[in-house]
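# After the sequence you'll find the predicted model.
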Amino acid sequence: MSKRFPIVLFMTFLLAMVCSGCSKEQPKVSLSIWTSAGEQEVMKEMIEAFKEKYSDEAQFVITISEEDEKTCRDTVLTDPAGAADIYTFASDQFDDLQREQALLPVTDHTEQIITENGGKDSAAIQSSSKDGTLYAYPMVASNGYFMYYNSSYFTEKDVASFDDMLDIAAKNGKKVAMDFTSGWYIYSFFKGAGLDVEMNSDGITNSCNWNDKTGKYTGKDVAEAMLSIARHPGFINCTDEDFIKGVKDGTIIAGVNGAWNASAIEEAYKENYNAAKLPAYTLAGRQVQMHSFAGYKLLGINAHTKQPEWAMRLAAWLTNEENQSVRFRMRGEGPSNSRAAASKEVQAAPAIKALSEQAAYSHLQHVAETFWTPTFKFGTTIAGGNRDGADLQKLLDTLTEEITSEPKK
């Protein structure tokens, strides 16, 4: 018995060591994410896969809450410390978030992220960097707009002309839709005319010449062209939500919108689903190509996060090649990741093809906050047919003055 005692003791020691390893508690990682309503389902799927992949390293509690990309900046800056650890936002909000130190610099696998999204000179990386430092993860490259259409009513030739599309819609008792109350969309008319708006270097004011009286095309020419469209029986002004409703009930057979609604529109139009670049419109008697804003959806990490390392790992996961491809399949959103964007599946999608065609006439969105309210007011007046008969030049002068004004404190 005495000879066996050392062996028993040794085995007991080994067992104790093994059990000690088994009982070691994993760290608990709590993270919160803000993203839009439409992104909730796909984000949940990706997060579950992330938790499974790293299940041997930590116990995760990851919560998702709804916050639209359009309003994210304002919500974050109201209380940066109380904002989510990770949040999605439109690229035009980047300057304000970075300036207010609400974004944590990306320090994990930075060069890999830059390379996979086209390199440091790509628009995707430029939209998420400041002075050579990466502050956000490119997630979606399709934050632009183009023309969806039902091919049972329109040919490829028809959709090259806004006038032809409106006439065809009216003849069939249908509508072509666009949101005139959004500066994001009505920019297309002014930029097509050679008129511009851009944020100044101070990051808080804009320069704008939409009321110009001396160029080849004047601001008044643009306003008159927009009024002509707004008053056409084949046109309907509507928001994103109403556009989808009209597509589904068959009243809207074409419309200016973005890739985030591709799946819903394809489901409604079925085999007749198609898309093209923006058409030309009649401006002072000539056909002029409509231009567009282009932008990205980005994933940022709150500078106040208590889990910076895990937040970066999760953000990188949610925006990697595989998950950008998943997002495309589930939502129709175009990838910023170069390899995902080059896939045959992505290139064959009508919405992505339309964005590619529009790229020659698109411009990175870069405007300060004072752009949005004035364009909403102006666009609302035009969409309503200018019922009060307001002087168009005065409307344009007021619009431009307000766009270029100092923000209210």
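That came through fine.

# what about the helices in the stretch 301-409 of the chain?
Assigned by DSSP state H, counting those that start in this stretch, the stretch 301-409 of the chain shows helices spanning 308-318, 321-331, 338-341, 344-347, 350-358, 372-383, 392-403.

# got the buried residues for the first one?
Put plainly, it is helix 308-318. By neighbour count on 16 or more other C-beta atoms under 10 Å, the buried set for helix 308-318 is 308, 310-318. (Each C-beta comes from the backbone N, C-alpha and C, glycine too.)

# Residues contacting that helix, please?
Helix 308-318 is contacted from outside by 29, 31, 43, 46-47, 50, 53-54, 58, 62, 85-86, 104, 106-109, 113, 137, 139, 299, 301-302, 305, 323, using C-beta atoms under 8 Å, 6 or more residues apart in numbering.

# Can you tell me how far the spatially most central residue of the chain is from N323?
When C-alpha atoms, centre = their mean is applied to the chain, the residue found nearest the centroid is N143 (3.7 Å). To N323, N143 is 17 Å away according to C-beta to C-beta, to the nearest Å.

# try G173
Look at G173 and N323: by C-beta to C-beta, they are 43 Å apart.

# if we can go back for a sec, okay, the residue nearest to the centre of the chain: pLDDT?
N143 carries a pLDDT value of 84.

# mind listing what it touches?
Applying C-beta under 8 Å, 6+ apart to N143 gives the contacts 90-91, 258-260, 294-297.

# Quick check: chain neighbours aside, which residue is closest to it?
G295 (4.0 Å; C-beta to C-beta, 6 or more residues apart in numbering).

# what's the neighbour count on the one you found?
Neighbours of G295 under the rule other C-beta atoms under 10 Å: 27.

# quick one: it from V256, how far?
In terms of C-beta to C-beta, G295 sits 15 Å off from V256.

# can you check G144 too?
11 Å.

# and if you look at T214?
Going from T214 to V256 by C-beta to C-beta gives 29 Å.

# Same check on A123?
Shown here: A123 relative to V256, a distance of 21 Å by C-beta to C-beta.

# Any buried residues in stretch 322-342, and which?
Applying 16+ other C-beta under 10 Å to stretch 322-342 flags 323-328, 331-338, 340-341 as buried.

# Nearest to A268 among the buried residues of helix 308-318?
Taking C-beta to C-beta as the measure, A268 lies nearest L318 of the buried residues of helix 308-318, at 28.7 Å.
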